[in-house]
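Visitor: coordinates only, sequence not included:
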């Protein structure tokens, strides 16, 4: 049996407060969920009894709920995650005891093995991730009041792919609108939480997210960072029977035909986002649980745009007609990252990663009014082509400052063949690429911001420090040259 509930104009709120900029949680957002309507269907099978010879293919009694949202806006960031962890610890505290396998005895009552949740969307939805900009390191004082800013990562997606947007109703005319929405292909979130442990391997929690017509934008410049017709995300967590056994978490991300506009400041942006999610009360040794995170990412028919405007001047972000880009493209790109956390407060963390692509192209895309584009690039836009590209690397990062200890980063590049053109402008814009992402102009700015800094000391890549003054030896050389010029002028006058 199931039961349906409908509600209109729902909001899920934290307690109201006027302003949080003067507090530690200045990235707090009160309204975490807002929608014009929601339909909830709860279902639970009649359990019955275990048969004399239970089949291993028996799914067991079904138990769960289905949700359909309209005009959904979710603001879920690090602050909301910390509140969720507190509420979960209060209502469902972790037992810190070893799990036991549930015995299946013929003739006893059956129990649902898991609880499933399916979320669908009747129109466009938005997921916003607010967080604290310029978050201070642990133990350091908070940033000044003027520097406290709330950043956000906005993910907007459609409820269905374009080919299904106007699809006719499924099934018979008597089928409810709720069932039609659940059966129609479209954006969805599926969550499976085990209720019973049925074997010695432990239990597995799964999350599956499928989105269509996705646009990901940041508060850094307000422009889309990524657009893709379809994105699939799957997260799997394996819990062993010992409560402090090694947990294995895996994330699988697949994007179809993504276009990515990446700036150097996005690295700092996502670093601050991760730092805010990682902030909070540390675990003590008695409650520490080791775990490993594995990430598998696949892009098909991808295009990665890197800005190569001189001095990193950007007036209209992502505009291909007014900006110069080096574009990395290929039919497929696979990225794997492994991050083990197996020790309590280790002195350093080792991360391994790899990247493979059967074919990788690097092309130059200049402004529409650039004469080089009209004369050469339209016929030969590719600067380099690689086949059977592979990247293997590792990084070693220390968790604290240790005298004599250095962080390390190691990368190996492999390719079966390389074809490249030697035009001078390719190398010139390759220098701009190096400056904009690894050099002294990693902070993008508009033309007005750049002209306002003319005549002033040029900022470094951090954007907040001027380069050191010239050394004393150079100043002394200039003084000697000036004295020599004065002596020559005196001799001429005599």
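Guide: Cool, the structure landed. Since the model is a prediction, treat every value here as computed from it, not as a measurement. Numbers count the residues shown, from 1 in each chain.
Visitor: Residue 345 is in contact with residue 400, isn't it?
Guide: No. When contacts are counted by CB atoms under 8 Å, residue 345 is not listed as touching residue 400 (9.0 Å). The way it works is simple: take the backbone N, C-alpha and C, and place the C-beta from them, glycine included.
Visitor: Now do the same for the residue nearest the centre of the chain: helix, strand or coil?
Guide: Geometric centre of the chain, nearest residue: residue 270, 6.9 Å, by CA atoms, centre = their mean. Secondary structure, DSSP: H, G, I helix; E, B strand; the rest coil: residue 270 is helix.
Visitor: Three-state assignment for residue 86, please.
Guide: helix.
Visitor: how close does it sit to residue 326?
Guide: 46 Å (CB to CB, to the nearest Å).
Visitor: between these two, who's got more neighbours?
Guide: residue 326 (22 against 12; other CB atoms under 10 Å).
Visitor: Next, that one: secondary structure please.
Guide: strand.
Visitor: List the residues that contact the residue lying closest to it once chain neighbours are set aside.
Guide: The shortest distance from residue 326 to any non-neighbouring residue, by CB to CB, 6 or more residues apart in numbering, is to residue 306 (4.8 Å). Residue 306 makes contacts with 262, 325-328, 433, 436-437, as judged by CB atoms under 8 Å, 6 or more residues apart in numbering.
Visitor: which of those has the most neighbours?
Guide: Result: residue 436 is most packed of the contacts of residue 306 (other CB under 10 Å), 26 neighbours.
Visitor: which phi and psi does residue 338 have?
Guide: Note on residue 338: backbone dihedrals following degrees, to the nearest 10 are phi -120, psi 130.
Visitor: Give me the distance between it and residue 291.
Guide: 12 Å.
Visitor: One more: residue 406?
Guide: 27 Å.
Visitor: So for the two, which sits in the more crowded spot?
Guide: Here residue 406 and residue 291 are compared on neighbour count by other CB under 10 Å; more neighbours surround residue 291, at 17 against 7.
Visitor: nearest residue to the more buried one other than its sequence neighbours?
Guide: residue 247 (4.0 Å).
Visitor: Next, the buried residues of the host helix or strand of residue 228.
Guide: Remark: residue 228 resides in strand 224-239, with elements defined by DSSP states H and E. By neighbour count on 16 or more other CB atoms under 10 Å, the buried set for strand 224-239 is 224-231, 233-239.
Visitor: Also stretch 203-213?
Guide: Buried-residue list, stretch 203-213, by 16+ other CB under 10 Å: 203, 206-213.
Visitor: Closest to residue 124 out of those?
Guide: residue 213 (8.4 Å; CB to CB).
Visitor: if I look at the closest one, how far off is residue 118?
Guide: 20 Å.
Visitor: Repeat that for residue 201.
Guide: Distance from residue 201 to residue 118, by CB to CB: 25 Å.
Visitor: Can you give me the first-to-last residue distance of stretch 337-352?
Guide: Separation of the first and last residues of stretch 337-352 by CA to CA, to the nearest Å is 6 Å.
Visitor: Apologies, that question was intended for stretch 413-428.
Guide: End residues of stretch 413-428 are separated by 23 Å (CA to CA).
Visitor: what's in contact with that stretch?
Guide: Contacts for stretch 413-428 (CB under 8 Å, 6+ apart): 364, 372, 376, 380, 382-392.
Visitor: Just the buried ones from those residues?
Guide: The buried subset of the contacts of stretch 413-428 - by 16+ other CB under 10 Å - is 364, 372, 376, 382-386, 389, 391.
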